[in-house]
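Participant: please work out how this folds:
(6 chains)
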Number of protein chains: 4
Amino acid sequence: MANKTAPDASRRSERSRRAILDAALELVGELGYPKLTIEAIAARAGVGKQTIYRWWPSKAAVLLDAFAPDEDAEAVGGHELPDTGDLEADLKLVLRATVDEMNSPKYDLPARALTAEGVVDPELGAAFVSRLLEPQLQLYVTRLRAAQEAGQVAPDIDPRIALELLVGPIAHRWLLRTLPLSHEHADAVVEMTLRGLTPR
Amino acid sequence: MANKTAPDASRRSERSRRAILDAALELVGELGYPKLTIEAIAARAGVGKQTIYRWWPSKAAVLLDAFAPDEDAEAVGGHELPDTGDLEADLKLVLRATVDEMNSPKYDLPARALTAEGVVDPELGAAFVSRLLEPQLQLYVTRLRAAQEAGQVAPDIDPRIALELLVGPIAHRWLLRTLPLSHEHADAVVEMTLRGLTPR
Amino acid sequence: MANKTAPDASRRSERSRRAILDAALELVGELGYPKLTIEAIAARAGVGKQTIYRWWPSKAAVLLDAFAPDEDAEAVGGHELPDTGDLEADLKLVLRATVDEMNSPKYDLPARALTAEGVVDPELGAAFVSRLLEPQLQLYVTRLRAAQEAGQVAPDIDPRIALELLVGPIAHRWLLRTLPLSHEHADAVVEMTLRGLTPR
Amino acid sequence: MANKTAPDASRRSERSRRAILDAALELVGELGYPKLTIEAIAARAGVGKQTIYRWWPSKAAVLLDAFAPDEDAEAVGGHELPDTGDLEADLKLVLRATVDEMNSPKYDLPARALTAEGVVDPELGAAFVSRLLEPQLQLYVTRLRAAQEAGQVAPDIDPRIALELLVGPIAHRWLLRTLPLSHEHADAVVEMTLRGLTPR
DNA sequence: AGCTAATCGAGACGGTACGTCACGTCTTTAG
DNA sequence: CTAAAGACGTGACGTACCGTCTCGATTAGCT
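Facilitator: Below is the predicted model of the structure:
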């Protein structure tokens, strides 16, 4: 029961909403997240500050909306992973694409900002994960299950953990900048994940 | 030629340094990182603001110093990983300990704060990695090489990547809170990393 | 030619008008004039803001209407001053009543607010004077002229100035709060005005 | 006991104080009191807003300081009324000067603003009266007492009331704008006050 | 052992952004 | 078609911290 006299969403100005979201994306690119201010977003969007505060609780939330695919827009850049029958090749393809994305400033900057904020603000983090990350991860689960049915992956493997072995190392390098991300690295992660360390 | 009139470190007040570091740690626990302010640290430490600005470039740097083991102090809770000859057991032991640490608020809060800040501020991130993270990761490299020599790990495995398969998934869950961290999860990661996904 | 699309007074809602005026009076008592807002009046009156803006140019104007006797209503608490033939007694009676009014919070607060606003806003001031003050002052003129005809006041006296000698000192104390208003003070003003300072 | 952690007045910047006071006076002349904002004063003075809020509770208080003679500066435009032995002439001189002052925009605007604010804000009103008005009024008391000793004023006259008969009517016209202020009016007030209304 | 220069606690300063409030205008919805 | 409701752009509010800058009052470390 919202007792905060919630605003009437049906009267909301779509014009302003878009302007705010666009301005936020532009500015995060120009200034970086820490220097991004609500006042600047409002100014750039030609909007009153209150219009931002009315609809979003924080600049992170604005950015999340700005960055997230529009609700209805089907899928997040495709709603399934490729399945050529060759699991290793398919995973390499996808992880290489991920690496490319993370290496492109257009994606990198806002994504880092949101991720960092989510690390520290659990509420935002939850939103980030459920709206952006989890749908992506489910694609891996689906693909891995298909591989399992095709006998290419051992039946006792938990696809959730498997996915983490693939994605975790990439995310680690990306977020912490321990070593550069590269196609070679992505390939190595896929190969090692599929085969394991132990000699056979 | 440092024309910034660098302060004379020999005259530095150890008393103030400790008070600042302690205050920073206390406050990050009480308020969380975003509400942590230099003014509050100064007030809590009974110190002038300038004394902080003289010695640290940002609140993140203060926190890094506060959180980091004292320079020379012999490493970060031990300078090697256990080596009982049983690689799987040893790794489980270590990763379970890591999980426990991440589940304890005393470690979790400041560590998240620093990590998040490092995600977004490359300079701080580099310091964080080289002072805190990398030394830890090197321990894995060392242990894995030992296992390689003992024939428990295939000779063509790159220990750096291997370590990422182990640590990446844990870090992923910790930072993004996709799913809870647990001993079971740590064990599963170790097992899957060692064996790989492919049926054998 | 009024091109401001003047509202059609014949369609005006009397219900809303009264509610607004009542709300304004209530609120000025509760909050004082500076904290009185149009939004609060609208809310209290259960009225849209536009309904206020349509009919009044400012909150001061609302308050003026709220405070003023209804247009045609027979004058401002009686349309003449008493005339018992004893000028001094009559004036004391009237000024004592004025003092009492000014000492009663119900009158004091909105009257001060309006007066203060009129001091600073000439337009409102003019309205205030012509609608509320001047009719009152004319009563003094009338009474003084009667006294003049009865030979109780010297024929060369300008009743307008005389009235100011009576009313000015009371208003001075009231508005500037130099010293408290009292019946004794009112009496002293009447006596001194009638007799003058010079020994006779 | 000030528990608001009062600022340390000895460290106060005289430079900023003057700039603020000057800016306030300038701006009240340019914009009028209601449009005078603290932000504008700060901007014009080249000063942070906090520096104003640190030392003054309201824009009215700033203006009071700006308008008031500097504390120590001896007197408020002279510390006594003229005494030529001719009371009537002396009073006319003084009241005519007062009228001139009130008719000059340079004095009129800020003085009205302060007076109006004092009418509505008792705290400010008290400061206004005790710092600016009362010292002036005391000069009348002194002059009238001298006249009393010289036998030009009846001994039972209360100089305080007498002064109000002189000043009240002028203030009344000034503040309420009932009729214009003029030398003739001032003269008439003096004459009528001295002689009274009653025929002699 | 005293001098002297740096650091220290303190906090005022010019700023920027915050999040809130009210303004006066405009649009949408229910009677 | 009016009027309630309230979202909107605007702009000021008063507060919180920023990072810089004086201030004495301790401290050192070097004569």
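Participant: what's the helix or strand for the nearest residue to residue A:107 once chain neighbours are set aside?
Facilitator: Distance criterion CB to CB, 6 or more residues apart in numbering or on different chains; nearest residue to residue A:107, sequence neighbours excluded, is residue A:101 at 4.8 Å. C-beta here means a position set from N, CA and C on the backbone, and glycine is covered the same way. Element membership for residue A:101 (DSSP states H and E) is helix A:87-103.
Participant: that helix packs against which elements?
Facilitator: Contacts defined by 3 or more CB pairs under 8 Å, 6 or more residues apart in numbering or on different chains; DSSP states H and E place helix A:87-103 against helix A:105-120, helix A:134-149, helix A:159-176, helix A:183-195.
Participant: could you check the angle helix A:87-103 makes with the first one?
Facilitator: Yep, that's helix A:105-120 we're talking about. Note on geometry: by axes from the mean of the first three to the mean of the last three CA atoms, to 10 degrees, helix A:105-120 and helix A:87-103 are set 90 degrees apart in direction.
Participant: equivalent analysis for the shortest one, please.
Facilitator: Note on geometry: by the same axes, to 10 degrees, helix A:183-195 and helix A:87-103 are set 140 degrees apart in direction.
Participant: what sits against residue A:188?
Facilitator: Shown in contact with residue A:188 (CB atoms under 8 Å, 6 or more residues apart in numbering or on different chains): B:158, B:161.
Participant: make that residue A:102, sorry
Facilitator: A:108, A:111, A:170, A:174, A:181.
Participant: do you know how far it is from residue C:178?
Facilitator: Between residue A:102 and residue C:178 the distance is 75 Å, computed by CB to CB, to the nearest Å.
Participant: got it, and residue A:182?
Facilitator: Distance from residue A:182 to residue C:178, by CB to CB: 85 Å.
Participant: please convert the buried members of the contacts of residue A:102 into ChimeraX selection syntax.
Facilitator: Here is the ChimeraX command that selects the buried residues among the contacts of residue A:102 (16 or more other CB atoms under 10 Å in any protein chain shown):
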select /A:111,170,174,181
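Participant: relative to DNA strand E, which of the contacts of residue A:102 is nearest.
Facilitator: The closest of the contacts of residue A:102 to DNA strand E turns out to be residue A:111 (CB to the nearest atom of the strand; 20.2 Å).
Participant: before we move on, the earlier item: residue A:182 and residue C:178: who's more crowded?
Facilitator: residue C:178 (20 against 14; other CB atoms under 10 Å in any protein chain shown).
Participant: find the nearest non-adjacent residue to the closest residue to chain D within chain A, please.
Facilitator: Residue of chain A nearest chain D, by CB to the nearest CB: residue A:39 (14.3 Å). For residue A:39, ignoring the flanking residues on the chain, the nearest one in space by CB to CB, 6+ apart is residue A:49 at 6.3 Å.
Participant: re earlier: distance check, the residue of chain A closest to chain D against DNA strand E.
Facilitator: 4 Å (CB to the nearest atom of the strand, to the nearest Å).
Participant: right, and that residue touches residue A:50 too?
Facilitator: No: if you go by CB atoms under 8 Å, residue A:39 and residue A:50 don't touch, sitting 11.7 Å apart.
Participant: spell out which parts of chain A neighbour DNA strand F.
Facilitator: A:7-8, A:11-13, A:15-16, A:19, A:42, A:46-51, A:54-55 (CB under 7 Å from any atom of the strand).
Participant: show the buried residues in these.
Facilitator: Members of those classed as buried by 16+ other CB under 10 Å are A:16, A:19, A:42, A:47, A:51, A:55.
Participant: mind checking the SS state of the third one?
Facilitator: The assignment at residue A:42 comes out as helix when based on DSSP: H, G, I helix; E, B strand; the rest coil.
Participant: so who does it touch?
Facilitator: So residue A:42 contacts A:20, A:23, A:48-49, A:51-52 (CB under 8 Å, 6+ apart).
Participant: out of those residues, who's nearest residue D:67?
Facilitator: residue A:49 (34.7 Å; CB to CB).
Participant: ok, residue A:58 - contacts?
Facilitator: Residue A:58 neighbours (CB under 8 Å, 6+ apart): A:121, A:124.
Participant: that one and residue A:41, how far apart?
Facilitator: From residue A:58 to residue A:41 the distance is 12 Å (CB to CB).
Participant: can you give me the domain assignment for chain A?
Facilitator: In terms of domains, chain A is parsed into A:9-67, A:87-195 (source: automatic domain parsing).
Participant: tabulate those domains (a markdown table), appending mean pLDDT.
Facilitator: Converted to a markdown table, the domains of chain A look like this (pLDDT from 0 to 100):
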| stretch | mean pLDDT |
| --- | --- |
| domain A:9-67 | 94 |
| domain A:87-195 | 95 |
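Participant: could you dump these to CSV with distance to residue C:119?
Facilitator: Output for these, formatted as CSV (distance: least, CB to CB, whole Å):
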stretch, distance to residue C:119
domain A:9-67, 33
domain A:87-195, 52
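Participant: can you say which of those domains is nearest to residue D:66?
Facilitator: So among those, domain A:9-67 is nearest, using CB to CB, at 30.5 Å.
Participant: now the end-to-end length of the closest one.
Facilitator: This stretch, domain A:9-67, spans 21 Å end to end (CA to CA, to the nearest Å).
Participant: equivalent analysis for stretch A:127-138, please.
Facilitator: End-to-end for stretch A:127-138, by CA to CA: 16 Å.
Participant: for that stretch, which positions count as buried?
Facilitator: Per 16+ other CB under 10 Å, stretch A:127-138 contains these buried residues: A:127-129, A:131-133, A:136-138.
Participant: of these, closest to residue C:31?
Facilitator: Closest to residue C:31, out of all of the buried residues of stretch A:127-138 and judged by CB to CB, is residue A:127, at 40.1 Å.
Participant: secondary structure element holding the closest one?
Facilitator: helix A:122-128.
Participant: check the gap between the residue in chain A positioned nearest to chain C and residue C:43 for me.
Facilitator: The nearest approach of chain A to chain C comes at residue A:5, 11.6 Å away (CB to the nearest CB). Taking CB to CB as the measure, residue A:5 falls 12 Å from residue C:43.
Participant: so between those two, which is more surrounded?
Facilitator: Shown here are residue A:5 and residue C:43; by other CB under 10 Å, residue C:43 has more neighbours (13 against 6).
Participant: follow-up on the earlier one: farthest-apart pair in the buried residues of stretch A:127-138, please.
Facilitator: Across the buried residues of stretch A:127-138, the two lying at the largest distance from each other (CB to CB) are A:127 and A:138, at 16.7 Å.
Participant: okay, now the residue lying closest to residue A:122 once chain neighbours are set aside: neighbour count?
Facilitator: Nearest non-adjacent residue to residue A:122, counting by CB to CB, 6+ apart: residue B:177, 6.8 Å away. When neighbours are counted by other CB under 10 Å, residue B:177 registers 17.
Participant: list the contacts of residue B:177.
Facilitator: A:118, A:122, A:125-126, A:129.
Participant: closest one of the residues you listed to residue C:158?
Facilitator: Nearest member of those to residue C:158, counting by CB to CB, is residue A:122, at 80.6 Å.
Participant: next, count neighbours for that closest one.
Facilitator: 11.
Participant: how far away is residue A:94 from residue A:136?
Facilitator: Taken as CB to CB, the span from residue A:94 to residue A:136 is 10 Å.
Participant: one more: residue A:117?
Facilitator: Residue A:117 is 18 Å from residue A:136, by CB to CB.
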